[in-house]
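[1] Prediction below, plus the sequence it came from.
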Amino acid sequence: MSAQYKKNSYNLVEGSIQKSLIRMTTPMIVGMLMLFTFSLVDTLFISFLGTESLTAISFTFPVTFTIMSLAIGLGIGASAVVGKYLGRSDFEKAKEAATVINYVSLGLAIILVAICWTFMNQIFGLMGASEELMVHIRRYMTVWFPGSVLVVSIMTANSILRACGDTKTPSILMAAAGLLNAILDPILIFGPGPLPALGIQGAAWATVLAWGSSYTFLMYLLVFKQELVSAKLPSKAVMFSSGREMLRIGVPAAGANMMTPLAMGVMTAIAASFGDTAVAAFGVGARIEPIATLIVLAMSSSLPPLISQNYGAGRIDRVEEAYKMAIRFIIGWQMLVYVLLALGASLIANVFSNDPAVISTIRIFVWILPIGYGMQGIIILTNSSLNAMHRPMSALYLSAMRFFIFYVPLAYIGSLFFGLAGFFAGAVCGNFLMALISWRSFRSAIKVEHQLALDAA
């Protein structure tokens, strides 16, 4: 492990929390902005193919996000385990864990992709996709599914770098991949000149090629340049011990993240009851959301390394300070974002569609759902913090409670009584209630950790 990464580890445990958060979050904002443009740019170019193609790509979002959720969850496990060892200055153990994590994440990705491929028709059928739409969905997913194995490995590798205090390199790679995707999209979708027009399948190829480039560079960086991952297969004992520790956090974290696409699948099915135009608009809104909550998501990647290293060093006071600082900022920021979105609702709607029904529904989405993004930020950052404190089951329970007791049920009840506007408003109410529960859960976890520290002393 390089001297720079050892220095980064020292700064996270001993340096200013505010400066560490700013230093680590700022590059993530740029990187994640480009990362989320993958789906947003795809949606924009695919919208030129017509409402049917736009609706088809909207149906794919819950499924594609399921794979992404596995990647994010395993990345959380990687960051928590590697960060804990770095906080203890056990650099060799951190390298062993990082090596094992790469093999485990690759194997789990292959298994999940194989299951999704096998039951593709049944999955989208349950979501309400018609046979006409399935033609477009299959063309997209037959390319996207095999390539998605790469994104799981990329997310895990980036998490290892972030655990070492390096958010700049992952951000540059995400930005480069997003730019490459944006360049390839119109070329492969519309086929200018002698090139064939691949339509919706071209969007999938653009994404997979961008991922492939990132994966190649990341493996070179981790294995040969920074020596964060060993080129040799670890022993069975190391594979078992490190793999078990990572999976103890990574599997519940992946499960918690998979609640999002599962809930999105149910929400899409509810939207489908209002017609294909509602599904198309909901799909556009689902792709706007990551941009609107960009800083929340960036901080959910930069906060865990800071918390996990201080947790490993026994500095619970710094863990609490970092969490409170992040929450205060996010509430104020998301209020500002909501005002800007509400003012620009008509402009946003007209960018993505020329269908009056779709435009009207997008406006309703933008006027209502982003009100709760600040509360959603509290939920996301609380789950990230609990995972970093090696409390993955607490984060999993909170995620399950959010989606299946508050978010989806209240959205459904709202849709029954107040139509599409009630559907969105019910989801907002679910986020508000769950944010209060999440805050109290973190406070309880901190009290337990303080008591354990007193008992140990």
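    Now that the structure is in, tell me what you want to look at.
[2] Every contact and neighbour count from this point should use C-alpha atoms.
    Will do.
[3] now the longest helix anywhere in the chain, how far from the chain's geometric center?
    Ranked by residue count, the top helix of the chain under DSSP state H comes out as helix 408-456. Distance, stretch centre to chain centre, for helix 408-456: 19 Å (CA atoms, centre = their mean, to the nearest Å).
[4] Which strands and helices lie in contact with that helix?
    Contacts defined by 3 or more CA pairs under 8 Å, 6 or more residues apart in numbering; DSSP states H and E place helix 408-456 against helix 236-272, helix 316-343, helix 356-368, helix 373-388.
[5] Mean neighbour count, the ones you listed: which tops it?
    helix 373-388 (a mean of 26; mean count of other CA atoms under 10 Å).
[6] so what's A457 scoring on pLDDT?
    A457 is assigned 60 on the pLDDT scale.
[7] next one: T37
    pLDDT recorded at T37 is 64.
[8] got a list of what the residue lying closest to G243 once chain neighbours are set aside touches?
    Spatially, and ignoring its direct neighbours in sequence, G243 is nearest to V100 (6.0 Å; CA to CA, 6 or more residues apart in numbering). Shown in contact with V100 (CA atoms under 8 Å, 6 or more residues apart in numbering): 234, 238-239, 242-243.
[9] Closest to G107 out of those residues?
    In terms of CA to CA, no member of the contacts of V100 lies closer to G107 than G243, at 11.8 Å.
[10] And the closest one, how far from L86?
    17 Å (CA to CA, to the nearest Å).
[11] rewinding a little: state the helix or strand in which the residue nearest to G243 lies.
    Using DSSP states H and E, V100 maps to helix 91-118.
[12] can you list the contacts of V100 in TSV and add distance to F442 and pLDDT?
    TSV is the format used below for those (distance: CA to CA, whole Å; pLDDT from 0 to 100):
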residue	distance to F442	pLDDT
P234	36	70
V238	32	71
M239	32	73
S242	27	70
G243	27	73
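[13] Using CSV, please lay out those residues together with distance to S308.
    Output for these, formatted as CSV (distance: CA to CA, whole Å):
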residue, distance to S308
P234, 24
V238, 21
M239, 22
S242, 16
G243, 18
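[14] quick check, nearest of those residues to T60?
    Nearest member of the contacts of V100 to T60, counting by CA to CA, is G243, at 31.0 Å.
[15] how many degrees apart are the longest helix of the chain and helix 236-272 in direction?
    Interaxial angle, helix 408-456 versus helix 236-272 (axes from the mean of the first three to the mean of the last three CA atoms, to 10 degrees): 150 degrees.
[16] For C429, which residues are in contact?
    Contact partners of C429, counting by CA under 8 Å, 6+ apart, are 372, 406-407, 410.
[17] just M299 next, same as before
    Per CA under 8 Å, 6+ apart, neighbours of M299: 21, 25, 28, 326, 381.
[18] repeat for I29
    Residues counted as contacts of I29 (CA under 8 Å, 6+ apart) are 171, 294-295, 298.
[19] if you look at those residues, which of them are in strands?
    Assigned to strands by DSSP state E, none of the contacts of I29 qualify.
[20] Cross those residues against helices and list the overlap.
    Using DSSP H, the subset of those located in helices is 171, 294-295, 298.
[21] Switch those over to JSON lines; also include distance to A71, pLDDT and neighbour count.
    Listed next are the ones in helices among the contacts of I29 as JSON lines, based on distance: CA to CA, whole Å; pLDDT from 0 to 100; neighbours: other CA atoms under 10 Å:
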{"residue": "S171", "distance to A71": "16", "pLDDT": "81", "neighbour count": "25"}
{"residue": "L294", "distance to A71": "18", "pLDDT": "85", "neighbour count": "21"}
{"residue": "I295", "distance to A71": "20", "pLDDT": "89", "neighbour count": "23"}
{"residue": "A298", "distance to A71": "16", "pLDDT": "82", "neighbour count": "22"}
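[22] Can I get those residues in JSON lines including distance to G147?
    Shown next, in JSON lines, are those (distance: CA to CA, whole Å):
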{"residue": "S171", "distance to G147": "21"}
{"residue": "L294", "distance to G147": "25"}
{"residue": "I295", "distance to G147": "27"}
{"residue": "A298", "distance to G147": "24"}
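[23] right, and out of those residues, which lies closest to A56?
    Using CA to CA, L294 comes nearest to A56 of those, at 25.1 Å.
[24] Next, find the distance separating that closest one from I67.
    Between L294 and I67 the distance, using CA to CA, works out to 20 Å.
[25] just to revisit the earlier point, off-centre distance for the helix holding V100?
    Relative to the chain's own centre, helix 91-118 is displaced by 17 Å; criterion: CA atoms, centre = their mean.
[26] between that helix and helix 236-272, how many degrees?
    Taking the same axes, to 10 degrees, one finds helix 91-118 and helix 236-272 inclined to each other by 40 degrees.
[27] And the spatially closest residue to G75 that is not a sequence neighbour, its phi and psi?
    When the adjacent residues along the chain are set aside, G75 lies closest to T156, with 4.3 Å between them (CA to CA, 6+ apart). Main-chain dihedrals, T156, degrees, to the nearest 10: phi -60, psi -50.
[28] right, and T156 touches Y103 too?
    No: using CA atoms under 8 Å, T156 is not in contact with Y103, being 10.1 Å away.
[29] and these two? which has more neighbours close in?
    Neighbour totals were compared for T156 and Y103, and T156 leads with 27 against 15 (other CA atoms under 10 Å).
[30] what sits against that one?
    71-72, 74-75, 78, 101-102, 105.
[31] which residues are contacting stretch 206-223?
    Residues from elsewhere that reach stretch 206-223 (CA under 8 Å, 6+ apart): 38, 143-144, 147-148, 150-151, 153-154, 157, 173-174, 177-178, 180-182, 184-185, 188, 227-231.
[32] Whichever of those end up buried, select them in ChimeraX.
    A single ChimeraX command selects the buried members of the contacts of stretch 206-223 (16 or more other CA atoms under 10 Å):
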select :38,143,144,147,148,150,151,153,154,157,173,174,177,178,180,181,182,184,185,188,228,229
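[33] Name the nearest residue to L381, ignoring sequence neighbours.
    S300 (5.5 Å).
[34] Pull the contacting residues for the one you found.
    When contacts are counted by CA under 8 Å, 6+ apart, S300 touches 380-381, 384.
[35] that older thread, return the member of the contacts of I29 nearest to L133.
    Distance to L133, by CA to CA, is smallest for L294 among those, at 30.5 Å.
[36] okay, and for this protein, where does confidence drop off?
    In the predicted model of the chain, residues 1-14, 31-32, 34-40, 261, 456-457 satisfy pLDDT under 70.
[37] what's the distance between Y407 and V339?
    Distance from Y407 to V339, by CA to CA: 23 Å.
[38] May I see the contacts of M299 organised as CSV, with distance to L396 added?
    Formatted as CSV, the contacts of M299 follow (distance: CA to CA, whole Å):
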residue, distance to L396
L21, 25
T25, 24
M28, 24
A326, 21
L381, 13
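[39] So which of these is the closest to I123?
    Proximity of the contacts of M299 to I123 (CA to CA) peaks at L381, which lies at 30.2 Å.
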